[in-house]
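**Student:** Return a 3D structure for these sequence lines:
(chains A and B)
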Amino acid sequence: MASFQTVKGFRDFFPEECALRNYITETWRSVARRYGFVEYEAPLVEETNLYRKKSGDEITNQLYCFLDKAEREISLRPEVTPSLARMATARQRDFKKPIKWFQIGPCFRYEEPQKGRGREFIQFNADILGDSSPATSAELIALAIDVVREFGISADDFIIRLSNREIWNTFLADKKIAEEHTTTFLSIIDKIERARPEETEKKLGLIGLTLAEVREFMASTDESHPAFAALRENLTARGLWQFIKIDATIVRGLAYYTGVVFEVFDTKHGLRALAGGGTYDKLCSLMSDGGVDMPAAGFAMGDVVLGLLLKQTPGAQMKLTSAYLAASSIDAFVVVADEAQRPHALAAVQSLRAAGIRIDYNFGAQKVGKQFQTAEDRKARFAIVFGAEYPEVVIKNLLARSQSAVPVGGLVEEVQKLLAEPAIGPLIT
RNA sequence: GUGGCCGUAGUUCAACGGUAGAGCCCCAGAUUGUGAUUCUGGUUGUUGCGGGUUCGAGUCCCGUCGGUCACCCCA
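**Tutor:** A predicted model of the protein is given here:
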């Protein structure tokens, strides 16, 4: 038994998990680029005050924070948006608007680990700054949809729940409710499906509302509401409106959202939110003390819930499996059948690798049968045998179980030619 | 931060309060130039850690660390 364990809530990435992580991050990156987003990165740690300034209690009591050797208050980043706002406002004149940026990297939250939640997770952030039109939200939602679909998760498997905080602002204004109650009110709405009705009624009563009138307003809010008109037109033109479900209870806890808010959920497994985001037009102004007033919108997607969903969705799992195979397999295994030929085999190993072919071999003398077994275990397509017949070498196709001999001088070209052919072999491996 | 369940070999799990075991994995051999199957042999533990009860604790009690699930909230 090892003396050390991982720190609570952190995880090891053994090759299988690492392949999953890489597959997820590479997919995020490729789809984001397809949408014209450019990658950036921010520090893993920031002054704790950066997060205090931006957020309500939700984030700050989940901060993974500590004092460094110079007694500075430091936090591991719980999210990247505050850093983004700091970076973007600091140099906003250097970039043409709209700024379309994405980021992929670990974030940390100090909370109790549970299903779909650790203290470390990898997050994908996509944000658009400097354009306040509904087209930004539409672009982000479209990106979120295409990212999820790229993993092999189909329209049956997920849904976007969409709302807009402005409909509640209008509602409160109509009811003559003071603006100071807005935050309290939104947190009641956020919990309305989970809390007991009597309690909700009581809390609403304190700010001068009844549950009945709130419910009536919610029931009357659907996709025909004017607040969604432009977004609906945009996403309908893209053929993506079918993924949207209007849900007025989506307000999102983070205090800084101002308009459109949305969350991505799976439809079959009751998992936590896959992704969430919205518009946050005031954040840049807040973070720059009024220096830069720049509209913004964005969303974040985490790797943990997504990974759970990928493993549970058949179409997604096939892609996942082939990504793992591609990450762990080699093209050919060099078998040293006669130790006297090892120097020649090593020379060939180097030549093959220089040509970009993935090659492995056994470090020391080993029975030929064992070497073939290793080649099989490594999912190599070919075994290349160096034996007494050198300078002839034998190339064996491990799937078709056929073999041929070539002079060593033509080995690299021959292997390249064979690898270019489609793999043929037993369907069941 | 609060609560439930769990912690035994690399791994999955057994073991009535009474000598810590099995399958798989791994290594070697049967098989000295060809992959399966099979067979044989072998390595591996301060039972997470620390106290307590007991003649005796993997087992019961307390604490602690970790895992897991839920609350809270969210990626």
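
**Student:** which other helices and strands contact the helix or strand containing A:E16?
**Tutor:** Using DSSP states H and E, A:E16 maps to helix A:15-34. Contacts defined by 3 or more Cβ pairs under 8 Å, 6 or more residues apart in numbering; DSSP states H and E place helix A:15-34 against strand A:38-39, strand A:99-108, strand A:120-129, helix A:134-150, helix A:303-312, helix A:314-328. C-beta: built from backbone N, CA, C; applies to glycine.

**Student:** And for it, what's in contact with it?
**Tutor:** The contact list for helix A:15-34 (Cβ atoms under 8 Å, 6 or more residues apart in numbering) reads A:11, A:13, A:39, A:102, A:104, A:122, A:124, A:126, A:143, A:146-147, A:150-151, A:301, A:303, A:306-307, A:310, A:319-320, A:323-324, A:327-328.

**Student:** Next: stretch A:247-254.
**Tutor:** Identification of contacts with stretch A:247-254 by Cβ under 8 Å, 6+ apart yields A:55-56, A:58-59, A:161-163, A:165, A:167-168, A:186-187, A:189-190, A:192-193, A:217-218, A:221, A:257, A:261-263, A:276, A:278.

**Student:** before we move on, what about stretch A:260-275?
**Tutor:** When contacts are defined by Cβ under 8 Å, 6+ apart, stretch A:260-275 is touched by residues A:115-117, A:134, A:137, A:141, A:144, A:148, A:153, A:156-165, A:231, A:250-252, A:276-279, A:297, A:299-302, A:305-306, A:308-309, A:312-313.

**Student:** Check which residues of the helix or strand containing A:I167 are buried.
**Tutor:** Per DSSP H and E: A:I167 is located in helix A:165-174. Neighbour-count burial for helix A:165-174, counted by 16 or more other Cβ atoms under 10 Å, picks out A:165, A:167-169, A:171-172.

**Student:** Then stretch A:249-265?
**Tutor:** Across stretch A:249-265, burial judged by 16+ other Cβ under 10 Å covers A:250-252, A:254-265.

**Student:** And stretch A:128-146, by the same measure?
**Tutor:** A:128-132, A:134, A:136-145.

**Student:** Show me which of those residues is closest to RNA strand B.
**Tutor:** A:A144 (10.3 Å; Cβ to the nearest atom of the strand).

**Student:** Could you measure from that closest one over to A:A347?
**Tutor:** Distance from A:A144 to A:A347, counting by Cβ to Cβ, to the nearest Å: 51 Å.

**Student:** could I get the buried residues of helix A:165-174 as JSON lines with pLDDT and distance to RNA strand B?
**Tutor:** Output for the buried residues of helix A:165-174, formatted as JSON lines (pLDDT from 0 to 100; distance: Cβ to the nearest atom of the strand, whole Å):
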{"residue": "A:R165", "pLDDT": "89", "distance to RNA strand B": "13"}
{"residue": "A:I167", "pLDDT": "90", "distance to RNA strand B": "18"}
{"residue": "A:W168", "pLDDT": "90", "distance to RNA strand B": "15"}
{"residue": "A:N169", "pLDDT": "87", "distance to RNA strand B": "18"}
{"residue": "A:F171", "pLDDT": "90", "distance to RNA strand B": "20"}
{"residue": "A:L172", "pLDDT": "90", "distance to RNA strand B": "19"}
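
**Student:** Give me the secondary structure label for whatever residue of the stretch 251-400 of chain A ends up closest to RNA strand B.
**Tutor:** Going by Cβ to the nearest atom of the strand, RNA strand B is nearest to A:G253 of the stretch 251-400 of chain A, at 1.3 Å. Judged by DSSP: H, G, I helix; E, B strand; the rest coil, the three-state class of A:G253 is coil.
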